[in-house]
Structures are given as structure tokens and as C-alpha cells.
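Participant: Structural data only, the sequence is not supplied:
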């Protein structure tokens, strides 16, 4: 098994919210006790709905936020106490790709300057011409042209801007790339281009990817292992195949059943969740999911489920995972019905034509 | 009563100062109790098409080249903004992607819905308020009476979208136009909202035009589907025809680009390149610049021609599997 490169040890991040004007402040438990290990060279995905704490967790992992409790380890070394040169060192090893390529690039800087800036900080010995050459190389790697270095971000489309953001992140030669919804702002056809590009870059640069996303199909496509979060905690963890074929937590089952597949005639029975996600300022006692869980039993309201191994490499935080699977089946999406023979031929022709064009 | 609620015939328009039409030759029909999905990527013209039906395009900046909108048998020229806007909010209603920006943050929810009732139906404040309460209950808002007195920021995203739907449906419109109504919502909430729209449609028999980029949503809700690219419909048919027997290379490329929850996890086929900008529209087939099958004949505009029944496609090479190999 590959070595652990990044580890979270009982990470917690609590924010104080509200207060003032005579109101009482509350504590939002954005991340509330997360432990996980990311292996060298894998793509690890963190999935969940808005407010589950996935973005906060990503920021804790690379110390863009200070944890309230717990620690994050990079190659076995605590990153909590790092300062000065050591912290800069960490920044070089771990880079972030943001969701919105429209707001994360400085509009007043040329693309060359944007990509070259991290080099100025982390490789100050590089001469100006070497730096230009490096920028040109990075642009090529992400599928842009060297002459793009003289242009400004507004001259580019969303997909191209996201590539610029990726080139900038790659400039320091990082070992870990953390992407917070790196493709969700993009149109489908462009999204596919960026997904393929990230996949290629991962191989070329020997990267470990941590991807935060809400789109389950994108996650299934990109990742080796998946952590599902609900209200600040991991409720399920396993390989992509395990989580999507045999989900072991009722929340994962419900999420999967709610995703509409882009295939005609697959309307399937959905697992309806009761109400809405409770506030992370006041999470339910016992199992945090029990207020919405269609399978909840009385003791779920009082007994906190631990994240426990259910199959080899797959864990879930549910007291009744085995019983639910036995009673309700695996919970995977059914295989879609076939398209017409002509359509299959057309899809094959299309895939071939695109492959030829790229070769 | 005519079968079609709304028929759009040869709608073309652009913005003043631009030579090319943004939307060109769009013809559509929507029947009672049907959902027509208009699908496409950013800039394909799907949202402006919807706005034009509602008379919501800015009259000073818009140049209507052609088009008639026949609404419940009444033919209205596409440039009759005044007539179209009297139907809006009454016979036709619209909901948008971002409910927070479509609701007025300074007014209570009850007042906003009541205003929509009285603007079109008149009547007393108390009557309108009763109607508003009914509408909120209809869209499944818990403690509806209390919600009437609340402001939009006090609600969650899903609840706000329910309020938008309540407001849109309060006058029993026969056509609902929904522009990416679930794009900003979490997937479990999206499922609830799509179910809600479907059940309201079943109850009232209204027709829905849903604008979306999400093929998953389309597969779930559509009766018929129109695929738009760069301002033109490139393929139109029943949902089954579009998903099981897609013909246009763009439709095929779009479907190949979407990651799925089932099947093998393989490299995605993409649609290479970028959407052309309005000032640089290619002559002929507008998809030709990105199409892997494009040849010289594609410099002429392909007609939206029938494949079978009402399934139409605008490609010189349809069906690809026989025509391509013949060339």
C-alpha cells in the first residue's frame, strides 16, 4: 500500500457566529472531528452538500485555516506549528486550485506574471528569462500557448482561466494539489476537458490530488477513494467503486439516489430525506443524520455511531449499516438501458474522431 | 381549445449594433401537461429565448428580426413586448436560478406574493393574502402562515425556490418557464423541487419550459427536448429520441462529456475548442468549428430536417453511421 502523504487527526474547526446587538453568539461546528489519510499518488475526494464542512476541511489540510483542535500532518510532520521558512516550504509542496476562475485571478496581472509570481517567491534564484521559459512550459502543459503569457485573465474563457489557475498552482512543483470544486463552474464540454487535463497532469507531475466537490458523477469519474461528509463529520469512506456500488451509509444511499442520471428511462425510486440539513451550530444528538434518515431507529437519537470498517477498506458511521443493506439491497444505480444500435455506432465514431484529432 | 399552449415560429433576434442574430430561426411548441427542456451550454441562447417569450428583453437594445408567438391560439408578433408583458405573471410565469436575487430582500414574503395576485387579479388585500397562503401551502412550505411574515433571508435556498414557485403559480398560469431552477441547489433539494414542479403540473395541466444545462435533469423531467448551440436549435425530439437515438454531433459530444454514475470509468470524450462568440459566428453550420466530422459542405447552413416523425436534426451528415461512411 502506498505511503500516507497527508493525514488529518481528529481535526476540528469551530467558528463563532452571530452575536452582537443583544443576540447570543453561537458556535458553528464546521469540521467536528475528522480523521483521514491521503495516500501518495491517489486522487482523494471529499463530497457532501453545502454546509457539510468540506471546504473548511480542505483549508485545514493545507493550513489556510488554523484548527480549533486536532492536527494535520504532511509526510508525518505536524503542520500546526510551522512558521516562516518551514511554512513557505509547505506552501510549495501543497497548492490550491479554486472554484471560481473569475475571482481567483488578479485581473491586473498578465497571465505570465500570475504564473511567474509563485516562482519569484519560491525560486528567487531563477533568472527572468528562465522564469519566462518555465511559464511557457507550464502554459503548454495545461493546453495553452506560450504567447498567452502576455494577455490578461479577462481575455480568456472560464475553462481557460481554470487552466491558468492550475498552471499557477503547478509552478512551484507541488506534490499535493487540493482543488475546491475545480470544475463545477464550467460548462459540461469544458469541464470534461479540464477533468482529462487534471488526470494527465497528475501522472506527468506525480501528484496527489485532493478534490472537494458536490457532483457525485464527477467524483466517481476522478477519484480513487472518497470520503462522504455530513454536518462536519465523515459518514462514509471507501474506494470510489465501493462507495458508488455498495454505499454503506444511508446518507450516501440518499445522495446517490437523488442524482438524476443523464439517461432516458432511469427514473428510479428515490430515498426521500426528511426536511433539510440541520444547522451545524446545533447538530442533532446521537447520530447527526438521524433526524433525516429514513432507516433511523430509536437509539440512533442517543447513540453516536463511530466510523467503523464494514468491508475491506470501506467504513461507515452507521449502527445498522449491515441490516439496511440486507433489507434494501446494495443501493447502487441500476445499469442504464441500451441506446439504439445506430446511436451506439455514432458514439463510437465520435469517440474515435476525437481521439484521432487529439493524437 | 388548441392543443398547443404556446407555439414559437421562426424566432430570430439579436442586439442592436450587432449584425448577427443571437438566436436564429427557433421554432418550438409546448403542449398541455408537457415539459419541454431547452438544453445547451452558456451562451447558446436558451435563456434569452425564454426571456423573449416573456417580453422581458430590453426593447431599446433588442432587434427582433422575425417570429410569431402563438399563445393559446392568439398570434402575437415577437416584437409586441407590451402584449407579451401583460401575459407575464398571469398566464405565463417564470422562475429563475437564483431565488435570492429574484426576491426583494426588503419585503416580507407574504407582501411579495400578495402583490403578484393583486396586480393581475385585483380584489381585496385579505383575499389576496388567503390566496398567497394557499400557494405557500401548495408548494409544501411548513408553517406557511408564519412564513408570510418573514423576509427572504430567513429561508434556506430550497425554501426560497419554493416561495418563487408559489409566487409564479399563484395566478394559475398555463405556462411556467423555469430557467435553471435547481442549479443553485443541493442534489437532495433539487430532487424535491423537481418532484414539486412535476406534481403541480399534473394537478393543473400547465406546460413547463425548462431551461437547463444538466442532462440528468432533462432525462428526468422532459417530455420533449430541444438542444441549442450558438443560437440555433440543432436537434429536437422526444426525450426518448434525444437520449436513445441522438443524431447531432453536438448532442453526442455533450452526452459523451458528462461523467456518469454507472458504466465504465473511462476517459471522457470532450467537445474540443470553444463556443464561437456572437461577433465571430461561423458561416453555415455554427458547430463546424468544433465538429470532428466537419467537411466543406458544412459551410452551408444545414436545415433542421426530420429523421423520423417529429425528431429533427440540423446536420448534413445525419445519420452519421451511414452518411459518414458513404463519403
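Facilitator: Alright, I've got the coordinates. What you see is a predicted model; the values in this text were computed from it and never measured.
Participant: Any figure for the gap between residue A:294 and residue A:300?
Facilitator: In this view, residue A:294 and residue A:300 are 12 Å apart by Cβ to Cβ, to the nearest Å. All C-beta atoms are positioned from the backbone trio N, CA, C, and that covers glycine.
Participant: So if I had to pick from these two, which one is more boxed in?
Facilitator: Taking neighbours as other Cβ atoms under 10 Å in any protein chain shown, residue A:294 and residue A:300 compare with residue A:300 leading, 23 against 13.
Participant: Verify the stated contact: the more buried one with residue A:319.
Facilitator: Yes. Counting by Cβ atoms under 8 Å, residue A:319 is a contact partner of residue A:300 at 6.4 Å.
Participant: Quick check: neighbours shared by these two?
Facilitator: Common contact partners of residue A:300 and residue A:319 (Cβ atoms under 8 Å, 6 or more residues apart in numbering or on different chains): residue A:287.
Participant: Burial check on residue B:243, number of neighbours?
Facilitator: Here the count is done by other Cβ under 10 Å, and residue B:243 has 25 residues near it.
Participant: ok but it is inside a helix, no?
Facilitator: Yes. Assigned with DSSP: H, G, I helix; E, B strand; the rest coil, residue B:243 falls within a helix.
Participant: these two touch, right, residue A:260 and residue B:195?
Facilitator: No. Counting by Cβ under 8 Å, residue A:260 does not reach residue B:195; the two are 11.2 Å apart.
Participant: who's more crowded, those two?
Facilitator: Neighbour totals were compared for residue A:260 and residue B:195, and residue A:260 leads with 24 against 15 (other Cβ under 10 Å).
Participant: domains for chain A, by residue range?
Facilitator: Domain assignment for chain A by automatic domain parsing gives A:4-223, A:250-328.
Participant: so, in contact with chain B or not, the last one?
Facilitator: Same thing as domain A:250-328. Yes. Judged by Cβ under 8 Å from any Cβ of the partner chain, domain A:250-328 comes into contact with chain B at A:254-256, A:258-267, A:270, A:272-273, A:276-277.
Participant: before we move on, the earlier item: the domains of chain A into CSV, with extra columns for mean pLDDT?
Facilitator: As requested, those are exported to CSV (pLDDT from 0 to 100):
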stretch, mean pLDDT
domain A:4-223, 91
domain A:250-328, 91
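Participant: Please name the nearest non-neighbouring residue to the residue of the stretch 1-150 of chain A found nearest chain B.
Facilitator: Relative to chain B, the nearest point of the stretch 1-150 of chain A is residue A:49 (4.0 Å; Cβ to the nearest Cβ). Once flanking residues are discounted, residue A:49 sits nearest to residue B:186: 4.0 Å by Cβ to Cβ, 6 or more residues apart in numbering or on different chains.
Participant: who's in contact with residue A:76?
Facilitator: Going by Cβ under 8 Å, 6+ apart, residue A:76 touches A:4, A:7.
Participant: how about it, phi and psi?
Facilitator: phi 80, psi 0 (degrees, to the nearest 10).
Participant: Which secondary structure state is assigned to the residue nearest to residue B:81 when sequence neighbours are not counted?
Facilitator: Spatial nearest neighbour of residue B:81, excluding adjacent residues (Cβ to Cβ, 6+ apart): residue B:55 at 4.6 Å. Secondary structure state of residue B:55, per three-state DSSP, is coil.
Participant: Ok, the one 3 residues further on next?
Facilitator: When the structure is split into helix, strand and coil by three-state DSSP, residue B:58 lands in coil.
Participant: Are we agreed that the residue of the stretch 1-150 of chain A closest to chain B is in a helix?
Facilitator: No. Counting by three-state DSSP, residue A:49 falls outside a helix, being coil.
Participant: on that earlier part again, could you save the domains of chain A as TSV and add columns showing distance to residue B:233?
Facilitator: Formatted as TSV, those follow (distance: least, Cβ to Cβ, whole Å):
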stretch	distance to residue B:233
domain A:4-223	18
domain A:250-328	19
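Participant: Show me what counts as buried in stretch B:82-94.
Facilitator: Across stretch B:82-94, burial judged by 16 or more other Cβ atoms under 10 Å in any protein chain shown covers B:84, B:87, B:88, B:89, B:90, B:91, B:92, B:93, B:94.
Participant: Export the residues you listed as CSV, with columns for distance to residue B:118, pLDDT and secondary structure.
Facilitator: Shown next, in CSV, are the buried residues of stretch B:82-94 (distance: Cβ to Cβ, whole Å; pLDDT from 0 to 100; DSSP: H, G, I helix; E, B strand; the rest coil):
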residue, distance to residue B:118, pLDDT, secondary structure
B:84, 21, 92, helix
B:87, 17, 91, helix
B:88, 15, 88, strand
B:89, 11, 84, coil
B:90, 12, 87, coil
B:91, 17, 91, coil
B:92, 18, 93, strand
B:93, 15, 92, strand
B:94, 19, 91, strand
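Participant: Now render those as CSV, adding distance to residue A:288.
Facilitator: As requested, those are exported to CSV (distance: Cβ to Cβ, whole Å):
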residue, distance to residue A:288
B:84, 49
B:87, 48
B:88, 44
B:89, 42
B:90, 45
B:91, 46
B:92, 43
B:93, 38
B:94, 38
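Participant: Now residue B:254: which helix or strand?
Facilitator: Using DSSP states H and E, residue B:254 sits within helix B:249-257.
Participant: What's the mean pLDDT across the helix or strand following that helix?
Facilitator: Beyond helix B:249-257 on the C-terminal side, the first helix or strand identified by DSSP H and E is strand B:305-308. In this model, strand B:305-308 has a mean pLDDT of 93.
Participant: cool, and stretch B:99-115?
Facilitator: 88.
Participant: mind checking how far it is from the chain centre?
Facilitator: In this view, stretch B:99-115 has its centroid 23 Å away from the chain centroid, taken as Cα atoms, centre = their mean, to the nearest Å.
Participant: One more: stretch B:296-314?
Facilitator: From the chain centre to the centre of stretch B:296-314 is a distance of 22 Å (Cα atoms, centre = their mean).
Participant: coming back round to it: can you add distance to chain A and give the buried residues of stretch B:82-94 back as a markdown table?
Facilitator: Converted to a markdown table, the buried residues of stretch B:82-94 look like this (distance: Cβ to the nearest Cβ, whole Å):
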| residue | distance to chain A |
| --- | --- |
| B:84 | 29 |
| B:87 | 31 |
| B:88 | 29 |
| B:89 | 29 |
| B:90 | 31 |
| B:91 | 29 |
| B:92 | 26 |
| B:93 | 24 |
| B:94 | 22 |
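Participant: quick one: the residue nearest to residue B:81 from chain A, how far?
Facilitator: As judged by Cβ to the nearest Cβ, to the nearest Å, residue B:55 and chain A stand 28 Å apart.
Participant: Chain B contacts on the stretch 101-250 of chain A?
Facilitator: Within the stretch 101-250 of chain A, the positions near chain B by Cβ under 8 Å from any Cβ are A:157-160, A:187-193, A:195-196, A:199, A:214-218, A:220-222, A:240, A:244.
Participant: Tell me which entries of those lie within helices.
Facilitator: A:158-160, A:188-193, A:195-196, A:199, A:216-218, A:220-222, A:240, A:244 (DSSP state H).
Participant: Buried subset of those residues, written for ChimeraX?
Facilitator: Command for ChimeraX that selects the buried part of these, burial taken from 16+ other Cβ under 10 Å:
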select /A:158,159,160,188,189,190,191,192,193,195,196,199,216,217,218,220,221,222,240,244
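Participant: Having no further points to raise, I will conclude here.
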